[in-house]
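Peer 1: I would like to see how this sequence folds:
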Amino acid sequence: MKTDFLDIQKKRRSVYALGKNINQSNGELVSFIENTIKESPSAFNSQSTRAAILFNENHDKLWDIVLDNLKSHLKSDEAFNKTKAKIDSFKAGYATILYFTDSDVVKGLEEQFPAYKANFYDWSEQAQGNAQYAVWTGLADNGIGANLQHYNPLIDEDVRKTFNIPENWTLRGEMVFGSIENPAQAKDYIDDDNRFKVFE
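Peer 2: Sure thing, here's the model as predicted:
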């Protein structure tokens, strides 16, 4: 068995110390992200995943939106300062990918295939996971760090208004990426006996 892909997978980690020292152009990054999502599998070839890629002041606006929406939930100066430091670490990254699911696609499939109606939302989430993982792993293979956040649905309405997002796009995650300023910690693994069963 070839193990090249396993080696690439091992590069993908949640990297939180991100910077703006990226060698690729925005155009190269956009092309890579878009094509990676296009090649990611989805049930019924539904292609329900959508994305918005935020650079420069748009990237900053996103994390300002997150902090503004979190303020009312922070009950002390200490909590605010701790949260602000975390959000600032995301803002220090180079760009952010917003991942969405097109709810019209999901609803359309539910209507077209009623026998599977209960499954299409779950399958759209699997498509999200496939797309997010593929992009994340591909970025890592290019020496770019990333981490995935989920401030949705708290920020959904402000994101929709700020970036003119269609009503039928449902936010599912926020992936910030940038140069790796400090590598991720080593990953721990549970025992294989607790994870796998093999029947021969």
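Peer 1: Please enumerate the strands of this protein.
Peer 2: Taking DSSP state E as the criterion, the chain carries its strands at 17-19, 49-55, 95-102, 144-149, 169-182.
Peer 1: any residues touching the second one, and which ones?
Peer 2: Looking back up the chat, that one is strand 49-55. Applying C-beta atoms under 8 Å, 6 or more residues apart in numbering, the set of residues contacting strand 49-55 from outside is 26, 29-30, 33-34, 37, 40, 42, 61-62, 94-102, 124, 127-128, 131, 163, 165, 169. Bear in mind the C-beta positions are built from the backbone N, C-alpha and C, glycine included.
Peer 1: Ok, the first one next?
Peer 2: By C-beta under 8 Å, 6+ apart, the surrounding residues in contact with strand 17-19 are 89-90, 92-94, 145-147, 176-182.
Peer 1: what about 6 Å?
Peer 2: Applying C-beta atoms under 6 Å, 6 or more residues apart in numbering, the contact partners of strand 17-19 are A92, G93, G145, G178, S179, E181, N182.
Peer 1: Go ahead and measure how far that strand is from the middle of the chain.
Peer 2: Computed by C-alpha atoms, centre = their mean, to the nearest Å, the separation of strand 17-19 from the middle of its chain amounts to 16 Å.
Peer 1: what lines up beside it in the sheet?
Peer 2: Based on DSSP bridges, the strands next to strand 17-19 in the sheet, each with its direction, are strand 169-182 (antiparallel).
Peer 1: Name the residues of the partner strand that are buried.
Peer 2: Neighbour-count burial for strand 169-182 flags 169-181 (criterion: 16 or more other C-beta atoms under 10 Å).
Peer 1: cool, stretch 110-121 as well?
Peer 2: Of the residues in stretch 110-121, those buried under the neighbour-count criterion (16+ other C-beta under 10 Å) are F120.
Peer 1: And for stretch 11-18?
Peer 2: The neighbour-count check on stretch 11-18 (16+ other C-beta under 10 Å) flags K11, R12, R13, V15, Y16, A17, L18 as buried.
Peer 1: Which pLDDT does the model give the third one?
Peer 2: The predicted local distance difference test score for R13 is 97.
Peer 1: neighbours around L98, how many?
Peer 2: Residue neighbour count, defined by other C-beta atoms under 10 Å, stands at 21 for L98.
Peer 1: what about it, distance to K187?
Peer 2: Distance of L98 to K187, given as C-beta to C-beta, to the nearest Å: 26 Å.
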